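> Sequence and predicted structure below; questions after.
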Amino acid sequence: MKSAPFDYVRPESVAEASALLAQDGVTTAAIAGGQSLIPMLSLRAAQADLLVDVSRLDELKAVRETPQALHIGALTTHAAIEDGKIPDPFNGLMRRVASTISYRAVRNHGTIGGSVALADPAADWPGCLMALGATVHIAGPGGTRQQPVVDFVKGLYETTLASGEIVIGFDVPRPTSPLCWGFAKVVRKSGAFANSIAIVVAPGKGGPITAVLSAAGPRPIALANAARALGNGAMSDDTLRTAIAADLKADLPGADAYEQRLHTATVLRAAREMQATS
Amino acid sequence: MASHPPSDGWIGASLKRKEDARFLYGHGKYIADVRMPGVQDVAFVRSQVANGRLRSVTKPEGGSANVFTLADLQPLTVLEAGPELPQHKLSPYPPLADERVRYVGQGIAACLAPTRAIAEDLADRVTVDIEQLPAVVDCVAAMQPGSPRVFDHWADNAYITSNVVEGSPQVLTSAPVRVRRQFRMNRQATVSLECRGVLAYWDHRTNELVVYLSTQGGHVKRIGLSRILGLPENQVRVIAPDVGGGFGGKNRLMPEDVAVAAIAMKVGHPVRWIEDRREHLIASVHARDHTYDLTLSADKDGTLLGVEGDIYIDAGAYALWPTGAFQEASMASRNLTGPYRIRHLNLKTYTVATNKAPMGPYRGVARPGACFAIERLVDEMARELGREPFDLRRQNIVTAAELPYDTAAGMRLDTGDYVEALDTARDMVDLAAIRKRQAEGEPDGRAIGVGFAFYTEQSGHGTAEFAKRKFRVIPGYESANARMLPDGSVIIHVGVQNHGQGHETSLAQIAAHELTIHPDRISIRYGDTATSPMGFGSFASRSIVFAGGAVAHSCRALVEKIRKIGAHLLQTDVANTRLQGGAVHGPSGKVDLAEIAFVANARQEQLPTGMAPLLEAVGTYEPTVSGGVFAYGTHAVVVAVDPDSGVVELLDYAVAEDCGTMINPLIVDGQVQGGIAQGIGTALYEEIPFDELGQPLATTFGDYMVPCAPEIPDVRLAHLVSPAHATEYGVKGLGEGGAIAPPAAIANAVADAFRDIGARFNETPLTPRRVSEAIDRARREKGAA
Amino acid sequence: MKITLTLNGSKVTHDVEPRETLADFVRDRCGLTATHLGCEHGACGACTVVLDGEVTRACLMLAVMCDGRTVETLEGFRNHPAMEVIRKHFHECHGLQCGFCTPGMLLMARDILARKPGCDADTVRYELSGQICRCTGYSGIVKSIVSAGQELAGKAPAKA
Ligand SMILES: Cc1cc2nc3c(=O)[nH]c(=O)nc-3n(C[C@H](O)[C@H](O)[C@H](O)COP(=O)(O)OP(=O)(O)OC[C@H]3O[C@@H](n4cnc5c(N)ncnc54)[C@H](O)[C@@H]3O)c2cc1C
Ligand code: FES
Ligand code: FES
């Protein structure tokens, strides 16, 4: 289980990295933590002619707080978030999510930027950042751009990243009042990629509610009916189940009976956890 | 690391393991750690289709000298494998494919290069042309007329079928209560953490082929390699370095072993292949894959009468040398009565060829399936009769007064108290308290269930038993060569293989007991056919019984001579001497073993007249009873199940077990705990599913779930001790027992949680999906009724 | 590509292929075989090493990415005081059988106890997720780490 040969460069700047990645006629890939890319290369499930190591680029490491948002550099590791090494205006949600990703040794190197750029349907960050209304910052040969994560992640391992583009980081808006949240995840075993992840958030008691379901379809799904029902103060299981069923029917028409029960259960659990903290 | 002598002798001492130190400092030397100058690595080109005609293999330009197909390995003799029975159909298994491939992962070509990475590059450039044929994937459908064939010349896909009829079948058909169920224990891998590996070279100095092999038994592999390669056995040396787990998966001669050895004989340098995890999951020994359709009958008062029905074993595409997977069916059927007074059997077994990787042994061999089937049936019968499953078990289990007990299928259960094991486990989990908790319900909407399973573990079975099973190589004894060196320290070579079981410690304890010296003065050596006496290796829970006995016998032979020399030095009669505390004591004084050893080895003039020098003895051993001695135990599990997600949490796990005399309780506990974790893997996590084309769907640890610490509860153990009569010290083997009962106990617990709706949990692993779907089905059926 | 890194306290320089993992680098170039390979895709923990102070799966790291950095394998912890305590408890609590997972378990144990000194058995179990041991059923390993943690934290040894 050894990778096919490739070349490797470690550019000094984002511009240089972007130019290297944008080369014609060469299959290139950025490598950050390598925690997803290296096993794919070793299994020869992915091949590249050139790896561009972005893991030492300072611009991707920046973490800044503004009154409106927290900027999280793409290279921020899951472990740094888990350990509270970056500010946490989210009342512990991101720390909690981080602590359930894979295993500690993977979390030490795996990055939030890599996770979102890869857009694995079972990954934890895309759904979480969607729930928090985050925006992704991207630099490329044509300059920089920003896009809500919800639009950035298009489908199964598919994003709007164009050739030569690099994820610089994320702006996550500060909640207007202390975040109430619930997080539920079903895994076959601890640290494995999930079969269902639900996140329900509300900025403060009575704030607008967002509910996101991941690991269910090709990309995370915003559950509009469930959020509305919760916003209307729905407390009974039955009302919520009906709302979730409507969401699944609309956004996950292929789900079989078990998947419907499974996702309903995680969304319910997350909703209950959110309500308990509000 | 110092070990502290217990006050009361070495048998039964929880001595800390002598082998630990090297592993704790990273000095273990496993096959991939063996450094050999000039070694080249092999990567295999493997079949990507399950069944097909191999039309051609095109070697890449510039690399063809380093690509080997079957033709390049000749001359080879493909060995007959499986039981030596005329009705058993043969499935010749060449080390690389000939004109046919029969499972995804079968080796087609071997590519040799200075590193594994470059060998894989070369393998990527080999072109293979295969005409795909319909695959045989389901072992029950494979027995239907019109099914495609795995072997064209066979009349049907069964390697072998058999009937097991005991008592009277009419009792079964006319029984007042009959419960029929289908069970499946799905296919899995053995998953030693160290994969397999082989390194071979021709040693010109000794003029022999040296084969380093990660194996559970080198001597038997040497027999096979020598026959296949056409070399006399004195020119084949098999060395097993440290082995990172085996569990059955390293106990057959595998095609890669042969291919690498054959290539090493062609090229002038060492050649090695280190299995990677994907190869391990796709093409190493597979296990379990049992399907049952059984009916359990009983009287109205709950007296169990008998079992009838069919047992299918999906044995995969070939028989592995020497014995393949052919004890699965006989052991499954013979163990189906469990510990119960069940006198009537009418079973038909089918060992079926399919287009999947060949099946081999895995910890527990067949009994996890049999235990799952009978223990689930007992619970289902209890429900049918409106009884507490525990009570029905207790009513039918063989009592201490009935032991030894001959089961309907001809096994003699020897010593113990099965009822006490049941009661102990019941009290450990507090059955009454759980019933009360269930009545109250859970605040989180989950359901609580409790399940029991009883197992027996035949161990230390010998010549007659294996001869009956028609083994090609009969592992009916073990041997030990004990040698006392001039300073009185001891080296004992044994034919078993240590791959985690702690033999370096427990066998040293036995020798220490016999020789009355400290185990630190005794080295246990194994794993090299050039130095170990003939033996069969470690499997089938046999090592402590057989090798323990052989060590005892070889040491006793030493003791006899030691006492003679001691008596001579003390100028007294042997009858007046005794060995104690490392010295021979006589009426007038004592003489230390070190002095005796020095005399025997280096001062022969002081020996009694006519006595040959040296203190060295080879002892062989087989227990006095060939049918084995039976360890046993009860597993009790409490689970919480979320019906929507189907996730099962193990809240409590308790075991009351009896493996006779424990040589080292610390090691016993470790074996039981380790076995249970593997059993939990079978019960809840591990599975290699196949699609209809025969493609395996779990090829990495991303899909194949091996439980880690968070998935395994803190198991509580209670030991009963009923020494065996037929073995040295009363030991019984216990390596496999832990792995046998968990699927049955856990499935019973999950079923108990949903007994009100009669949901059926009859297929392992109990994945969240299977569990939730079973509950949903039962709810709908109940709603409809 | 030529790389230089600090390995177990010494500077080492080697010419490596970019595709070479850190695991293959320490095992094959540097002859340090305590780092084992159990899966080569990040799911078993047998290859655990320490990179710039953080536990790392050596099969998920390229050697070229470690240029200029600091790597420690189990061999680098020969006389390490905390590791000696952890070893002692693995020995006493039967925390190993075949030994193949042991180097990874020891390095992970040290990391857990450094982050969560004196933690309880449930925490240890959770933190061990992703470290496969096929032999012990984990109970000896969990016990070893809990009791080592107690000794290192200066607490009285736990009752069994
Ligand atoms: C055993 C195991 C279990 C795991 N379980 C989970 C899990 O449960 N949940 C989960 O969310 N993740 C899981 N992961 C994945 C882990 O979180 C990865 O760290 C993460 O997905 C990728 O981050 P990385 O920095 O390692 O990315 P890399 O592996 O370096 O790169 C991944 C992809 O992203 C691209 N990329 C990386 N950084 C950038 C960038 N800045 N700009 C543009 N493209 C970029 C790369 O080109 C590549 O295609 C698991 C991984 C392993 C090995
Ligand atoms: S070998 Fe690296 S995690 Fe398994
Ligand atoms: S001791 Fe064998 S894998 Fe852990």
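That came through fine. Numbers count the residues shown, from 1 in each chain, chains lettered A, B, ... in the order given. Ligands and ions are numbered 1, 2, ... in the order given.
> Show the average pLDDT along stretch B:461-472.
In this model, stretch B:461-472 has an average pLDDT of 90.
> Pull out the buried positions in the helix or strand where B:A261 lies.
Secondary structure assignment for B:A261, by DSSP states H and E: helix B:255-266. Along helix B:255-266, these residues count as buried under the neighbour rule (16 or more other CB atoms under 10 Å in any protein chain shown): B:255-265. Where C-beta positions appear, they are placed from N, C-alpha and C, glycine not excepted.
> what packs against the helix or strand encompassing C:Q150?
Element membership for C:Q150 (DSSP H and E) is helix C:139-152. Packed against helix C:139-152 by the contact rule (3 or more CB pairs under 8 Å, 6 or more residues apart in numbering or on different chains; DSSP states H and E) you find helix B:665-680, helix C:81-92, helix C:102-115, helix C:121-127.
> so which of these comes closest to ligand 2?
For the helices and strands packed on helix C:139-152, the distance to ligand 2 is smallest for helix C:102-115, at 7.8 Å, taking CB to the nearest ligand atom.
> For that closest one, buried residues please.
So helix C:102-115, judged by 16+ other CB under 10 Å, has buried residues C:102-113.
> Of those residues, which fall within the contact range of chain B?
When CB under 8 Å from any CB of the partner chain is applied, the members of these adjacent to chain B are C:102-103, C:106.
> contacting residues around the nearest residue to B:M359 once chain neighbours are set aside?
Spatial nearest neighbour of B:M359, excluding adjacent residues (CB to CB, 6 or more residues apart in numbering or on different chains): B:A325 at 3.8 Å. Counting by CB atoms under 8 Å, 6 or more residues apart in numbering or on different chains, B:A325 makes contact with B:313, B:315-316, B:319, B:351, B:358-361.
> B:R46 now?
Applying CB under 8 Å, 6+ apart, we find B:R46 in contact with B:104-108, B:279, B:282-283.
> let's go with 6 Å and repeat that
Going by CB atoms under 6 Å, 6 or more residues apart in numbering or on different chains, B:R46 touches B:105, B:107.
> And the one 3 residues further on, by the same measure?
By CB under 6 Å, 6+ apart, the residues touching B:V49 are B:130, B:132.
> Would you quantify the distance from whatever residue of the stretch 1-150 of chain A ends up closest to ligand 3 to B:V67?
Residue nearest to ligand 3 within the stretch 1-150 of chain A: A:Y103 (16.1 Å; CB to the nearest ligand atom). According to CB to CB, to the nearest Å, A:Y103 and B:V67 sit 38 Å apart.
> Which one of those two is surrounded by more residues?
More neighbours surround A:Y103 than the other of A:Y103 and B:V67, with 26 against 22 (other CB atoms under 10 Å in any protein chain shown).
> Confirm for me that that one is in contact with C:L128.
No. If you go by CB atoms under 6 Å, A:Y103 and C:L128 don't touch, sitting 8.9 Å apart.
> Do any residues in the longest helix seen in chain B lie close to chain C?
As assigned by DSSP state H, the longest helix anywhere in chain B is helix B:543-570. No. Helix B:543-570 does not reach chain C (CB under 6 Å from any CB of the partner chain); its nearest approach is 13.4 Å.
> buried set for that helix?
Applying a neighbour-count criterion of 16+ other CB under 10 Å, one finds B:543-555, B:557-559, B:561-570 buried in helix B:543-570.
> For that helix, give the mean pLDDT please.
So the average pLDDT for helix B:543-570 ends up being 96.
> tilt between that helix and helix B:665-680?
The directions of helix B:543-570 and helix B:665-680 differ by 170 degrees, with axes from the mean of the first three to the mean of the last three CA atoms, to 10 degrees as the criterion.
> next SSE after helix B:543-570?
Next helix or strand after helix B:543-570 toward the C-terminus (DSSP H and E): strand B:578-580.
> So for that following strand, what gets flagged as buried?
For strand B:578-580, by 16+ other CB under 10 Å, it's B:L579.
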